[in-house]
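*Asks:* Need coordinates for the below:
(2 chains)
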Amino acid sequence: MTVTTDKAASPPTDSPRALARARRRQAALRFWRQYRTHRAGLVGLAVLAVIALLALTAPLLVGADSQSVTNAPGGPMEAPSGEFPLGTDQFGRSLLALMLWGTRVSLTVGLLAAFLSVAIGTLIGITAGHFKGWYATVIMRVTDWFLVMPTLVLAIALATVLSRSIWTTILAIGVTTWPTTARLVRAQTLSVESRPYIERSRALGGGHGHIMSRHVLPNVMPLVLAQTTLVISTAILTEATLAFLGLSDPTIVSWGGLLQDAREAGAVSSGNWWYLAPPGLAIAVVALAFTLCGRAIESVLNPKLGVSR
Amino acid sequence: MVTRVSPHTLRPGSRLRTLLASGATALALTAGAVVPGNPLAPAPSEARADDGRTTLTVAVAQSVDSLSPFLAQRLLSTSIHRLMYDYLTNYDAKDNKAIPGLATAWEPSADKLTWTYTIRPDSQWSDGQQATAEDAAWTFNKMMTDEGAATSNGSFVSNFEKVTATGKDKLVIQLKEPQATMAALDVPIVPRHVWEKVEDFSKFNNDKDFPVVGNGPFILTDYKVDSFVKLKANKDFWRGSPKFDELVFRYYKDQDAAVAALRKGEVSFVAGSPSLTPAQSASLENAPDIKVNDAPGRRFFALAVNPGARTKDGKKFGDGHPALLDQKVRHALFMAVDRKTIIDKVFQGHAVEGEGYIPPRFSDYFWKPSDGQKLAYDPAKASALLDEAGYRKNSAGKRVGKDGRPLDFRILCHATDPNDKAIGKYLQEWWGEQGIGLKVDCLDNVSDPWYAGEYDLAFDGWSVNPDPDFVLSIHTCAALPSKAKESAATDNFICDKQYDELYKKQLAEYDPAKRADLVRQLESRLYDTGYMNVMAYPNAVEAYRTDHIESITTMPAAAGNIYGQDGYWSWWSAVPAAGASSSSSSDSGGSSTGVLIGVGIAVVVLAGGGLLFAMRRRSTAEDRE
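*Replies:* Coordinates of the predicted model:
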């Protein structure tokens, strides 16, 4: 810490903004140093980096027309070979190419749904923790209700009622998985709000909005970040489940959708494992990678652990 | 969540291992559940139970809509009614010609308006009473007078003037107009003394009081919604008792599960409704003791175009795309569909390319467009036709009408039918090249938007009976709904004067050859309108265990289907295999690779479990320190 102050103090001409920027950079570096000590977190991060890279470069790697059924290069349900490392689907499309395209959907849906879920959870958690009283009672009872409702059943109901598209899936996952986040954030908000500086801020004339956005939010942010990473893996799994149950847009290639296609084509009973295994493994690997990262972030940001270090 | 972390996190590696191990175990478990030939699966059941009774188990997926013959419309329910009740006439399994059923003879009067049926004296209801002309007359009269009883078969009696029983063995039907389908009245005759007590025919489902009184080859003994339908053989059936003692339709909502059950010998037959997928039939063909029956189907698979939904009195409703009212657009759409690719890629040869409305299996009525008339696959011609109709491509490559509305269509697809989805993908690409957008709307329940006329295009298909009257009648103006959005007999809201005239003519024509000619003209007219574009005639692909069923009648006898016949031939004629008793049906069906994979997975599961257990022990040891 002494190094930090020295560095920041040495050029006294720095503006407050530059100071803040330096402080943030220091914080990020400190975070990274601690994160680096978690081997599992690093593995998860590396896996995610590779997968993200594959998703982004999918059009370059396998060509934009690999999803086309009319220009499919292979025969139906071919076993893995040199030309098609993972075999082909019932249209004769390369499963490896479809897997790469599916990465995009799974990641997009996972990320967006997790953000939606965490955004709703944070909003509800902070307001419930801040306002207390009857508002908190009502809103937390609603949260409880969502908490005891089986997520999948609710998501299936939503996906059935709305028209089938990727946005429906995101919405269905987002609005059903927020209660855990809301509860966590509310607890953290309560603890933050009991600190003296919040009282000071209130005495200086800080309004509800000011306290919630300038004081509480930055303090719950680490928790929210860790929660987001963990929710992403749930969201990816739920997306795959919904797609597998045939509740997503059938024209979009996703991992869950591939599993559903495999089932409909009869790959299960005819033993075409190469059609079933890769999407299932991919879902498991990505969900695992996000969980590993989330756990690592969580333990880095855990205030209790911070003290002992 | 934050507090759950153990006192220190200096050993992240151990947690990673735990996670990986549990992940691997979970994966192995799920994989084990789906691999065929899994050695952990339960022992198979046999076709012959301990008491020597033989049971024929059929795996089905379709739900029963109603077991009342007055309400049932689905294939499974109507097939069951064929087994429960005798009809006036039946169709010959060999060539689909009308043959005696409950009636032994039938003849029209000279003025073609009065038909006299002779009822057989040797048909008995299962409660011992004799089935007579009274029962038949009562059944028809009920349908003519009670709207609730006319739901499923009302179209057969709409032209009836009067039905009377002039004796125990004489049924007389007087018609308003001549009707050629009098030897093909697919109406189950019910026992009057039982059905008289029913109060509301629109609500009575005939599924409470078992066994249900009937006079068909089988007697319904039990039914549980989406679980099973049980029938027992009627030993006194006049044509002879069925060979199997019991017939059970058991539900497998997932077809892969049904196929696995067939491999295991849990079921004797997998209904080809929907047909087995090419991958399933290919893998079953190599399995021992299993026969795959791949027969020309009695279905057509069509691309229906919304002609602008309307009621009988011309009130328009729904929101079909106006561009589709132009015949050129409809023709262009179909010309851009490569039917050969659909047969080769989607059906993988298990279908025949579509031509006219009625499948080639019904050779009397099969019609083919002439070369000049045929809307063959020709993308260039389709483009030209669209240009001619005024839908030119804009700078973005999209076709836009004069009103500025782009050609963006929706197609209704059955979410449960893989073929719909697959063909949807092809259509998107073929039409995309033409600058036409397509949104594939896959729904579990397509009826609601369909009846409401809220679609542009739809995947459509019907099973055709030996007498084509029904599938022709659903495109007449008379079939249109009387109120908007109400369910009606109409299939696709088609109402065409020329078609209606031809329809009336064929119905009144008693000479088979002349009638067939009129039916072919009718098909030609339907083809030209471009509202019903038949893409394919899918085969019926079904499979059964030869160690359970020794022989079974297909219909027609040469290359015919087994499930969903126009008659009770298949189940009535099925002969139990001699060796169906002991363990011969145990699973040798799963390929050896399947077994190997299963064993491998079991090893992985054990290893994963062992690893977990070891780490558990170690962690508790650490905790103890």
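*Asks:* Please make it C-alpha for all contacts and neighbour counts, starting now.
*Replies:* OK.
*Asks:* Which residue ranges of the stretch 451-600 of chain B form strands?
*Replies:* B:457-463, B:532-538, B:540-545, B:549-551, B:575-576 (DSSP state E, counting those that start in this stretch).
*Asks:* Those into a markdown table, with extra columns for mean neighbour count and mean pLDDT?
*Replies:* Listed next are the strands of the stretch 451-600 of chain B as a markdown table, based on neighbours: other C-alpha atoms under 10 Å in any protein chain shown; pLDDT from 0 to 100:
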| stretch | mean neighbour count | mean pLDDT |
| --- | --- | --- |
| strand B:457-463 | 20 | 90 |
| strand B:532-538 | 26 | 92 |
| strand B:540-545 | 26 | 91 |
| strand B:549-551 | 17 | 88 |
| strand B:575-576 | 21 | 90 |
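*Asks:* possible to save the ones you listed as TSV with distance to B:K312?
*Replies:* Below are these laid out as TSV (distance: least, C-alpha to C-alpha, whole Å):
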stretch	distance to B:K312
strand B:457-463	21
strand B:532-538	20
strand B:540-545	36
strand B:549-551	49
strand B:575-576	50
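*Asks:* Spell out which parts of chain A neighbour chain B.
*Replies:* Contacts of chain A with chain B, taken as C-alpha under 8 Å from any C-alpha of the partner chain, map to A:38-40, A:68-70, A:76-77, A:90-91, A:163-164, A:184, A:246, A:250-251, A:263-271, A:273, A:277, A:281, A:284, A:292, A:298-299, A:302, A:305.
*Asks:* Which residue would you name as the spatial centre of chain B?
*Replies:* Residue closest to the average C-alpha location in chain B (C-alpha atoms, centre = their mean): B:S273, at 5.1 Å.
*Asks:* Is that one in a helix, a strand, or coil?
*Replies:* coil (DSSP: H, G, I helix; E, B strand; the rest coil).
*Asks:* what mean pLDDT does whatever helix or strand A:M140 lives in have?
*Replies:* Under the criterion of DSSP states H and E, A:M140 resides in helix A:133-148. For helix A:133-148, the mean per-residue pLDDT is 91.
*Asks:* Ok, stretch B:339-357 next?
*Replies:* Throughout stretch B:339-357, pLDDT has a mean value of 90.
*Asks:* what ranges of chain A fall below the confidence cut-off?
*Replies:* By pLDDT under 70, the low-scoring segments of chain A are A:1-14, A:302-309.
*Asks:* Now for B:T546: which residues touch it?
*Replies:* By C-alpha atoms under 8 Å, 6 or more residues apart in numbering or on different chains, the contact set of B:T546 is B:289-291, B:577.
*Asks:* For it, give me the pLDDT.
*Replies:* 90.
*Asks:* Could you measure from it over to chain A?
*Replies:* Relative to chain A, B:T546 is positioned 19 Å away (C-alpha to the nearest C-alpha, to the nearest Å).
*Asks:* that older thread, tell me which residues of the helix holding A:M140 are tucked away?
*Replies:* Using 16 or more other C-alpha atoms under 10 Å in any protein chain shown as the test for burial, helix A:133-148 gives A:136, A:139-140, A:143, A:146-147.
*Asks:* how many other residues sit next to residue 73?
*Replies:* Reading this off chain A. 16 (other C-alpha atoms under 10 Å in any protein chain shown).
*Asks:* Sorry, I should have been clearer: chain B.
*Replies:* For B:Q73, the count of nearby residues is 18 (other C-alpha under 10 Å).
*Asks:* And for B:V163?
*Replies:* 23.
*Asks:* and what of the one 3 residues further on?
*Replies:* Using other C-alpha under 10 Å, the number of residues around B:T166 comes to 13.
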